[in-house]
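> Can you look at this prediction? I've put the sequence above it.
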Amino acid sequence: MSAAITTILLLIISNVFMTFAWYGHLKLQATGTASNWPLYVVILFSWGVAFFEYCFQVPANRIGFEGNGGPFSLIQLKVMQEVITLVVFVIFSLVAFENTEIRWNHILAFVFLVAAVYLVFMK
């Protein structure tokens, strides 16, 4: 598998864990699972999930970075990661939180982010 594809797949997996670490506790609270957890338990839970984010994020950056023989510059890696984060977040929020709505201004913001990816990959 190419370094580019491997990097993108690892970034996607990393961002799934990141999204659960940052927002999963809100869903657990909404379902009643974590509604009585003290804040320090929520933080420890999130850190535990975030550990797995780093297990994928760090290799993605090492494999993908042109300084290590990968195909992407540091800026390209970061912009790609941000767009992947938003795509994963939107899917998560639509699935996990039924009352989430995507409005026209959200879509326009996503279009601008995709345009940012395009621009950052221009020679």
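Perfect, I can see it now.

> my read: Thr7 touches Gln76, true?
No. Counting by C-beta atoms under 8 Å, Thr7 does not reach Gln76; the two are 9.9 Å apart. No exception for glycine: its C-beta is placed from N, CA and C like everyone else's.

> How about the lengthiest helix in the chain, which residues are buried there?
When the chain is scanned for its longest helix (criterion: DSSP state H), the result is helix 39-64. Neighbour counts over helix 39-64 (16 or more other C-beta atoms under 10 Å) mark 42, 45-46, 49-50, 52-53, 56-57, 60-61, 63-64 as buried.

> for the spatially closest residue to Leu26 that is not a sequence neighbour, phi and psi?
Among residues not flanking Leu26 along the chain, Phe97 sits closest, at 7.8 Å (C-beta to C-beta, 6 or more residues apart in numbering). Reported as degrees, to the nearest 10, the phi and psi values for Phe97 are phi -120, psi 100.

> and what of Phe72?
phi -120, psi 140.

> can you pull the contacts of it?
Each residue near Phe72 by C-beta atoms under 8 Å, 6 or more residues apart in numbering is listed here: 4, 7, 64-66, 80.

> pLDDT at it, what is it?
Confidence at Phe72, expressed as pLDDT, is 97.

> now swap in Met122 and tell me
At Met122, pLDDT is 86.

> That one falls within a strand, correct?
No. Met122: not assigned to a strand; according to DSSP: H, G, I helix; E, B strand; the rest coil it is coil.

> got any ranges where this protein has weak pLDDT?
Judged against pLDDT under 70, the chain has no low-scoring part.

> how about the helices in the protein?
3-19, 25-30, 39-64, 74-96, 104-120.

> Just the angle for the third one relative to helix 3-19, thanks.
Between the direction of helix 39-64 and that of helix 3-19, the angle (axes from the mean of the first three to the mean of the last three C-alpha atoms, to 10 degrees) works out to 180 degrees.
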